[in-house]
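**Student:** Any chance you can model this:
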Amino acid sequence: MTEGDKTLLDILDSTQRNRIWQVQDAGARLTAEVEPNFLVRPDPGYGEWITRRLLKETLLDISEADRIGKTMHSSERRRIMSEDLRNKSERFDEKELVIGQQQVMQAWEYPIMSAMAEAVTRIRGDVLEIGFGMGISASLIQQRNPRSHTIVECHADIQERFKEWRSAYPGRKIHLLEGRWQDVNSSLDLFDGVLFDAYPLNAREWSEHYVGSITYAHHFFETAAEHLRPGGVFTYYSNEVNSMSRAHQRALLELFGKVSISNIKGLKPPPECYYWQCTEILMIEAVK
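**Tutor:** Model prediction:
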């Protein structure tokens, strides 16, 4: 261990013979305990190398999260969902969409929606959009004149608002499938672009897919890949600030041949927005 590596402590448990490595800085300390027969191939040095690297990277991620946190505004906490949002009426205006006290979408997301709409319409083919919401991304997609545009939406109020929006595009191939994407999956065809921007419908979905997963869209990854033509693009609201986690990256590369990322900067979420408080978000494009 060199002097420059002084934040790393290498400790050997003399009883269990487990390997324990620790990394720390001024704000955090991380420890990994590796069992004797774990991470020993191709040679014992591999376990030390990979464990120390991951600890260092995780510590850097924690430090970056601390830095980002200091730039975020304070806001009210999200209200707990008492029942399925499909049973709640929407409150909609040009600034936001609220359902059952949940901030489902706000107008500050326009730069994100614009980037996603551009990605899924690059070849002007057939586009699948999961979640109509405020209609921002749908309008941006139509500005790029795709061959066809299929929208899946499960909320009755939003379905009615879709009909009014649809009237502004006579002659266009725009189709609405009513229901959750899980309900209409078997009727979906193949597409050149897929945009996913749905919202958890109840407390279970929030806990399982938003809080407990690498990104909310993760449970849709396989479906997106299944319904994309070769060369097709999948994009979604990433919930990542300025980098992608290793688990997130692996999940995409298991299903898609190419993944590219970029930052959407200069975002201006209002102080009352509780679901995003950063001035940037990661834009992800996964190509089949």
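**Student:** what are the ranges of the helices in the stretch 101-250 of the chain?
**Tutor:** 110-120, 136-143, 156-166, 181-184, 203-205, 221-226, 246-253 (DSSP state H, counting those that start in this stretch).
**Student:** give me every residue that touches the closest residue to residue 117 other than its chain neighbours.
**Tutor:** Residue nearest to residue 117 in three dimensions, not counting chain neighbours: residue 140, with 3.6 Å by CB to CB, 6 or more residues apart in numbering. Backbone N, C-alpha and C define where each C-beta goes, glycine included. Applying CB atoms under 8 Å, 6 or more residues apart in numbering, one finds that residue 140 lies in contact with 113, 114, 117, 118.
**Student:** now with 10 Å?
**Tutor:** 110, 113, 114, 115, 116, 117, 118, 120, 121, 195 (CB atoms under 10 Å, 6 or more residues apart in numbering).
**Student:** what do you get for residue 200?
**Tutor:** Taking CB under 10 Å, 6+ apart, we find residue 200 in contact with 81, 85, 102, 104, 206, 207, 208, 209, 210, 211, 216.
**Student:** how far away is it from residue 79?
**Tutor:** 13 Å (CB to CB, to the nearest Å).
**Student:** In CSV, please show the C-alpha coordinates belonging to stretch 273-288.
**Tutor:** The C-alpha coordinates for stretch 273-288 follow below in CSV (Å, rounded to 0.1, in the frame of the first residue of the first chain):
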residue,chain,number,x,y,z
CYS,A,273,-41.5,20.4,-7.1
TYR,A,274,-40.8,17.4,-4.8
TYR,A,275,-39.9,14.7,-7.4
TRP,A,276,-36.9,16.5,-8.9
GLN,A,277,-34.8,19.3,-7.4
CYS,A,278,-31.7,19.3,-9.7
THR,A,279,-30.7,21.5,-12.7
GLU,A,280,-29.7,18.5,-14.8
ILE,A,281,-30.8,15.0,-15.7
LEU,A,282,-29.3,12.2,-17.7
MET,A,283,-30.7,11.5,-21.1
ILE,A,284,-30.4,7.9,-22.2
GLU,A,285,-30.8,6.3,-25.6
ALA,A,286,-30.7,2.5,-26.0
VAL,A,287,-30.5,1.1,-29.5
LYS,A,288,-31.8,-2.4,-30.3
